[in-house]
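Q: Here's a sequence, model it:
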Amino acid sequence: MAGFRSLARQVRDPGCDTALRRYSLRKCLERFAPYGHRATWDHLCRRHGFGPEDREADPSRLVAALDELEAARTVWLAYEEEFAERRRREKHGGLRRPGGLDEWHRRIWGGNGVARCDDPAHHPAEPLPEVVGRLVAALRRGPGELCPVCAGPHIEWRGGPADEPWFGPACGDCGVLIPRAVLTPRALARTRGVVPARLASVA
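A: Numbers count the residues shown, from 1 in each chain. Got it, this is the predicted structure:
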């Protein structure tokens, strides 16, 4: 099975016919697709001006799409190295049990679906490296109240099996499914329609 770099070389190879270059770009999404395969493909097609089924797309557009995908992958792989180093230090220090964020990260290792969008046509319009960079910044920063990608306040709960990483809070503005660990307990409660009890004032 060809890896991401091998497939990327085929996309850039002018000796390959256009259909193979397009096919190789599509196969790259089996190795790295931040929004999930279908939504990432839709994003690349829109941003770089070729049709989802266009087998004779302009090769320069395919290469431009690959450049964007590769730049986002570089951002994510740098974070994965940082994450792996932190886990090594924690294990060395006796902390063996991973936290909630670590569990989520383990399920999307490699970056496939790191900013999953379950509607292939509803995803952020910004370049992939920018979106992945915002998510990485939120993972480093810790829990917040808003969507870590678009800063939108409209976060809702998408139902499904509790142990699956692609179910949970989702941004109604940009369509990204949000890691639970980057939202505060208050923000998570709101997504489920739970209103946190107010603390009684002390007279």
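Q: right, and Cys16 touches Arg9 too?
A: No. With contact defined as C-beta atoms under 8 Å, Cys16 does not reach Arg9; the gap is 9.3 Å. From N, CA and C alone the C-beta is placed, and that goes for glycine too.
Q: okay, those two: which has more neighbours?
A: Comparing Cys16 with Arg9 by other C-beta atoms under 10 Å, the one with more neighbours is Cys16, at 16 against 12.
Q: got a pLDDT number for the more buried one?
A: For Cys16, the pLDDT comes out at 95.
Q: all helices for this protein, in order.
A: Using DSSP state H, the helices of the chain run over 4-12, 18-28, 37-48, 59-92, 100-107, 128-141, 185-191.
Q: quick one: low-confidence parts of this protein?
A: Low-confidence segments of the chain (pLDDT under 70): 1, 92, 95-101, 160-166, 194-203.
Q: For Gly110, which residues are in contact?
A: By C-beta atoms under 8 Å, 6 or more residues apart in numbering, the contact list for Gly110 reads 31-32, 80.
Q: Could you do Lys91 as well?
A: So Lys91 contacts nothing (C-beta under 8 Å, 6+ apart).
Q: Could you tell me how far it is located from Glu103?
A: Between Lys91 and Glu103 the computed distance is 15 Å (C-beta to C-beta, to the nearest Å).
Q: and what of Ala138?
A: For Ala138 relative to Glu103 (C-beta to C-beta), the value is 17 Å.
Q: more neighbours, those two?
A: Between Ala138 and Glu103, Ala138 has the larger neighbour count (other C-beta under 10 Å), namely 20 against 15.
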